[in-house]
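Asks: What follows is a predicted structure for the sequence shown.
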Amino acid sequence: VSQDAVVRRAGHLVADSVGDRPGARTPRTRVCGVVVVTLFAALSSMANPRRFFGADHEIHIGDVIIPPRCAVEVTFRTHQQRFQLRPDKEASELILGCLGRAYHRYPELNLNVVSVLSNHGCFVACPDSAYVLSSFMRDFLSTAAKRLNGHRDRDGTFWERRYRAIPILDEEALDERFRYVLTQGTKENLVWSARQWPGIGSIDPLLGGQPLVGRWRDRVAEGELRRRQRRKLERAAARGTSLQLPKAPQVWLEYPIELVPLPHWQRLKVGQRRARVAEMLREDDCATRMRHERDGTEPLGVRAILATDPFDRPRQSARSPAPPCHTRSRKLRRAFRAVCRTFDEMLASGRDAVEAFLPQAGVPLDVTLPPLSHRKPMSPRRPPPTPVVCDREHPLANAIGPPGHA
């Protein structure tokens, strides 16, 4: 069923509920008005072509096929591009904890590779729907901003803007973006080899080494433990007895972050996938050394990266307009843009139809409700992991960074 048909059906419901009395406000009118306003907000949220990640089925335009549920490259940046994500152990622990907690809630994200530098991060994923991606990013960015603001002893805006998601339409482009995210440390002239990056990366998990584990400090559970202790002390004071209790311990939850193979890599064996990743790293190491020898430069280095002031910002930043999609095929790119234009035209006509019925429904025009257009039935949420209670710092809190790094 097209969205225009849904809009027309909603309009008929409102017209039937209003009847011959203009401006009538009955309970049924209000219900229909809420439905129409919800649909209007949903259509407005999809107006940006970059928010269109494909349909549930293949789209055929002549001899070009746009795949269903496209993979996406997602990028997020700090406010004013400051180095608030500097890869010290505490910040990396907080980011991994927020990432693991959000991924545990939305495993339909299907994360492939992730990398976090000092002022931005990016990952490649194959989400089941746009709703899954937006919900995951909402939980991840909000919790990361709160915890990192507390860690840096600051408040206010943390992220520069909303995340940017670009669809990836073919396998060659997907391999290219996978390689880009995997070797970001060398692309930015920070380290000699991508293996030397001290922060969050995906090299060890993809090569069969130490997996990514997010460790989330459950402050809600800690608050409940403190409240229980206060109640015990109050009851003891009421009885006229003294009671000495130890300090409430810390509570940590561990969320494993499982990286899913790329769609066209799933038919390969584990050893073959690891060999491809290792070959990408070897090629990048050779290209990095040749580039620095040719230009007479050298990377910043791990020690200088960790010594950077998190409140500094780069002197110059190369910024360019983001492409509407990633693909090696001109035909596929033109077809995707044509689908986006058709999508925008359909939304514009749908919004006009909805706006015509809003006054009759007796609903204020400035009412906004959360978009529900991309919401789909999701799998039940997995139970939370078993909490780890410890008196001091988490025993695995210093497990981030390459072996032997101080």
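Replies: Here it is on my side, so go on.

Asks: residue ranges for the helices of the stretch 1-150 of the chain, please.
Replies: The residue ranges that make up the helices of the stretch 1-150 of the chain, judged by DSSP state H, counting those that start in this stretch, are 3-18, 27-45, 89-105, 130-152.

Asks: Residue 155: neighbouring residues, count only.
Replies: For residue 155, the neighbour count with other CB atoms under 10 Å is 10. No exception for glycine: its C-beta is placed from N, CA and C like everyone else's.

Asks: And it, how far from residue 80?
Replies: From residue 155 across to residue 80, the span is 15 Å (CB to CB, to the nearest Å).

Asks: where are the low-confidence patches of the stretch 101-250 of the chain?
Replies: Within the stretch 101-250 of the chain, no stretch falls below the threshold (pLDDT under 70).

Asks: can you pull out the strands in it?
Replies: With DSSP state E, counting those that start in this stretch, the ranges of strands along the stretch 101-250 of the chain come out as 111-116, 120-125, 164-168, 212-217, 250-257.

Asks: Quick check: which of the ones you listed is nearest to residue 287?
Replies: With distances scored as CB to CB, the stretch of the strands of the stretch 101-250 of the chain nearest to residue 287 is strand 111-116 (17.4 Å).

Asks: Which strands or helices does that closest one pack on?
Replies: Judged by 3 or more CB pairs under 8 Å, 6 or more residues apart in numbering; DSSP states H and E, strand 111-116 is in contact with helix 89-105, strand 120-125, helix 171-182.

Asks: again, only using 6 Å
Replies: Using 3 or more CB pairs under 6 Å, 6 or more residues apart in numbering; DSSP states H and E as the contact criterion, the secondary-structure elements in contact with strand 111-116 are strand 120-125, helix 171-182.

Asks: which of these sits most buried?
Replies: For the helices and strands packed on strand 111-116, the stretch with the most neighbours on average is strand 120-125, a mean of 22; neighbours defined as mean count of other CB atoms under 10 Å.

Asks: got the angle between that one and helix 130-152?
Replies: Counting by axes from the mean of the first three to the mean of the last three CA atoms, to 10 degrees, strand 120-125 lies at 150 degrees to helix 130-152.

Asks: Make 14 the first number, not 1, from now on.
Replies: Got it, the first residue is 14 from now on, which makes the last one we talked about strand 133-138.

Asks: Note down every partner strand of strand 133-138 and its orientation.
Replies: strand 84-90 (antiparallel), strand 124-129 (antiparallel) (DSSP bridges).
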